[in-house]
Every structure is written in structure tokens, then in C-alpha cells.
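Visitor: one predicted model, sequence on top.
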Amino acid sequence: MTDTTQCASCEIVAGRLPAAKLFDDEVVLAFLDIAPVRAGHAFRT
Ligand SMILES: [Zn+2]
């Protein structure tokens, strides 16, 4: 991961983009998808 990434997921992990975080620990970060297929659609890293 670099400071020049254009990847939204990496920006969220780095804390440079806001996200509705559902779970966050040393291994996993889960947050609501920006374009949900259904209510509650989540994305995890
Ligand atoms: Zn990324």
C-alpha cells in the first residue's frame, strides 16, 4: 500500500476515506458497501 493508491478500499483501511464500519480489528475491516445491492450489503478486507 502506498500514499498514491487510487483504491477506495485501501483509502478506507488507511483512514483517509470515511466509511460506515461494521467491524474492525487487526485482521479484518468490514464496512457498508458504497453501492449496496441490498440493504446491509457489506464489504470486508
Ligand atoms: Zn486496495
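Guide: In hand now; what should we look at? Numbering: from 1, shown residues only.
Visitor: can we go C-alpha only for contacts and neighbour counts from here?
Guide: Fine.
Visitor: would you mark the buried spots in the helix or strand bottoming out on mean pLDDT in the chain?
Guide: Across the helices and strands of the chain, mean pLDDT, DSSP states H and E gives its lowest value to strand 42-44, namely a mean of 88. Within strand 42-44, the residues that qualify as buried are residue 42, counting by 16 or more other C-alpha atoms under 10 Å.
Visitor: wait, does that strand contact the ion?
Guide: No: residues of strand 42-44 contacting the ion under C-alpha under 5 Å from the ion: none, with a closest distance of 11.3 Å.
Visitor: what about whichever residue of the chain sits closest to the ion, which SS state?
Guide: Per C-alpha to the ion, residue 10 is where the chain lies closest to the ion, at 3.9 Å. Three-state assignment for residue 10 (DSSP: H, G, I helix; E, B strand; the rest coil): helix.
Visitor: now tell me what touches the least confident helix or strand of the chain from outside.
Guide: The contact list for strand 42-44 (C-alpha atoms under 8 Å, 6 or more residues apart in numbering) reads 28, 29, 30, 31, 32, 33, 36.
Visitor: swap the cut-off to 6 Å and go again
Guide: 29, 30, 31, 32, 33 (C-alpha atoms under 6 Å, 6 or more residues apart in numbering).
Visitor: burial of the last one, as a residue count?
Guide: Read that as residue 33. 17 (other C-alpha atoms under 10 Å).
Visitor: cool, and the second one?
Guide: Applying other C-alpha under 10 Å, we find 17 other residues in the vicinity of residue 30.
Visitor: now swap in the fourth one and tell me
Guide: By other C-alpha under 10 Å, 16 other residues sit near residue 32.
Visitor: report the contact partners of it.
Guide: Shown in contact with residue 32 (C-alpha under 6 Å, 6+ apart): 20, 41, 42, 43.
Visitor: again, only using 7 Å
Guide: By C-alpha atoms under 7 Å, 6 or more residues apart in numbering, the residues touching residue 32 are 20, 21, 40, 41, 42, 43.
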